[in-house]
Structures are given as C-alpha cells and as structure tokens.
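K.L.:
Provide a 3D model corresponding to the input given below.
(chains A and B)
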Amino acid sequence: MKLATWNVNSLAVRLPQALAWLAEHRPDVLVLQETKLADDKFPHADFEAAGWHAQWLGQKTYNGVALLSRSEADGVVRNIPGFSDDQARVIAATVDGVRTIGAYFPNGQEPGSDKFAYKMRWMGALRDWVRAEMAQHPQLVLMGDFNIAPEDRDVHDPIAWAGKIHCTDEEREHFRQLLGLGLVDAFRLFDQPPKSWSWWDYRNLAFRKNQGLRIDHILVSEVLRPRVKACTIDKLPRKAERPSDHAPVVAEIG
DNA sequence: ATGTCACCTGGTAGGTGA
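P.N.:
Next up, the predicted model:
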C-alpha cells in the first residue's frame, strides 16, 4: 500500500493540486495538514466525487487536517484524546488494517516562546497517546508535518539553523522519543540523495537554491518496517504554479 | 536583509502565522 503526507498550506487554494496528485499517484492514504478550513467548508463532495473517502478536522484560518483513503476509514479519532486543544492538528483512522495517524505538529515559532512551550506540551501528549495506540494497533504509521528537522543532515545550513526552531535539542529529543516507542523513520531506511528536503521557505528563492529542511516524516512501527519498500519526497508539486511550500512524502509498504 | 504566501479584520492597508 501507498501512504503519503502533504502540508498543502490552504486546501481552499490547493484543492485542484490535491485532486490532481491523488489521481496521478492513487495512494491508499493521503493525510493533509494546514487545510485552514472550518469543518463546514471542507470540500468532501469533491473528494468523494473523485472516489475518495474523507475524514477531517478543521478550523477557520489556521491548522486543520484531513485523511483521504481509497478504502473506508474506521475508528476515526480527531485530535489527541484527553488533551484539551482548540487547535485542529490530528486525524487518525484504521485503513486496510493499518492504524494511520496524520499530525500537524505545532510550529513553535521560537525557543522560549509561549508557542514553543505549547509545542513541547503537545508533543508530550502525542507521545503518550501514540504509545497507547501502538499497544492496540501493532501496524501503525505516524506521518505528517512534524516541524522538526531530526538531524543536521536534514538542514541545508546546519550552522545557520543551530538552535533555531525546528532544530533545537528539545525538539530533536522529542523526535527521538517517538522513535523510542518503536517507530522508525521510513525515509532513512533507504539510501537517499543528499540535500533532501520536504519544505522550502517561500522567501529568498529558497526552492530554486534548494535551501530547505526535511520536516515532514513518515514513521512506521517495527512490524511494518520489513514491509517498507520505498520512501521518497515528491518535489514536483513544489515546482507547480502557486505551490505549497511543502512537498508530499510517500511511503510504499508491501 | 528578507527577495513570500495565505488569511483575517477593517477598511482599500496592516497584522499574524508560517
């Protein structure tokens, strides 16, 4: 099966691109982040007309997540159970026997800020919940926009980014704790081209100069690990007219 | 140093978030 994650930075703007990408790649599951749509504005009819099941959790202006699947999605969970949150960041469901969690991690803005503290709290709650989910569902995938570059090789300029948001020791420690639950970064199961990024700032001609970060990830549980056949970043949508600043990440599981 | 994009409010620009 094919699983994918994509931060679309407004589904109102990117709906045509999302539909085109789905039609071309036919993933079994695609999770979206930053839909930026209130629930009553979510274009479920457009997805359904194209043959996709849709689950979503949104809010006006900010955040918002969705899960699109070819098969029906069961056991849908919206946001982290037990963690009171007015931001729409998590959608989870079981599709074809695989527990699939789509997450939009907080950006965190700047170390020491209130938003950074929220990011830490949110990641702690996510970790505890994912641990419980894994106990129930050995076949589990956690994917989305983590807003963390796990290692220096995931950063175009590690010196300039040292200690900055996405690259702090605290964020990287949280990423390692997720791996410590028994998850593995699917992208690093394979030889990859150096300077592989999933996000490029809209500013400073960053995409043209390939100045980016790898902050979008697909983590798979240990039982799925031997079944992962490939994991790639699809840069093509980043070259389109009116692109999202993120590229889709895709994993193939046999 | 910011050469961007998307969204909102309140007003035809400015602020916020990423």
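K.L.:
Tell me the residues on chain A that lie near DNA strand B, please.
P.N.:
Chain A comes close to DNA strand B at residues A:9-10, A:12-13, A:34, A:36, A:60-62, A:106-107, A:109, A:115, A:202-205, A:242, as judged by Cβ under 7 Å from any atom of the strand. The way it works is simple: take the backbone N, C-alpha and C, and place the C-beta from them, glycine included.
K.L.:
Mind checking which of those are buried?
P.N.:
Neighbour counting with 16 or more other Cβ atoms under 10 Å marks A:9, A:34, A:36, A:106-107 as buried within the residues of chain A next to DNA strand B.
K.L.:
just checking, what packs against the host helix or strand of A:Ala92?
P.N.:
Assigned by DSSP states H and E, A:Ala92 falls within strand A:90-95. Contact partners of strand A:90-95 among helices and strands, from 3 or more Cβ pairs under 8 Å, 6 or more residues apart in numbering; DSSP states H and E: strand A:53-57, strand A:65-69, strand A:74-78, strand A:98-104.
K.L.:
distance of the closest residue to A:Leu181 other than its chain neighbours from A:Gly180?
P.N.:
Leaving aside its chain neighbours, A:Leu181 sits nearest to A:Arg131 (5.3 Å; criterion: Cβ to Cβ, 6 or more residues apart in numbering). Taking Cβ to Cβ, to the nearest Å as the measure, A:Arg131 falls 10 Å from A:Gly180.
K.L.:
okay, the two: which has more neighbours?
P.N.:
A:Arg131 (14 against 11; other Cβ atoms under 10 Å).
K.L.:
A helix includes the more buried one, no?
P.N.:
Yes: assigned with DSSP: H, G, I helix; E, B strand; the rest coil, A:Arg131 falls within a helix.
K.L.:
how far away is the spatially most central residue of chain A from A:Asp234?
P.N.:
For chain A, the residue nearest the mean C-alpha position is A:Gly144 (0.9 Å; Cα atoms, centre = their mean). From A:Gly144 across to A:Asp234, the span is 16 Å (Cβ to Cβ).
K.L.:
relative to strand A:98-104, how tilted is the strand holding A:Ala92?
P.N.:
160 degrees (axes from the mean of the first three to the mean of the last three Cα atoms, to 10 degrees).
K.L.:
How far off centre is strand A:90-95?
P.N.:
The chain centroid and the centroid of strand A:90-95 are separated by 12 Å under Cα atoms, centre = their mean, to the nearest Å.
K.L.:
Pairing partners for that strand, with directions?
P.N.:
Here strand A:90-95 has these sheet partners by DSSP bridges: strand A:74-78 (antiparallel), strand A:98-104 (antiparallel).
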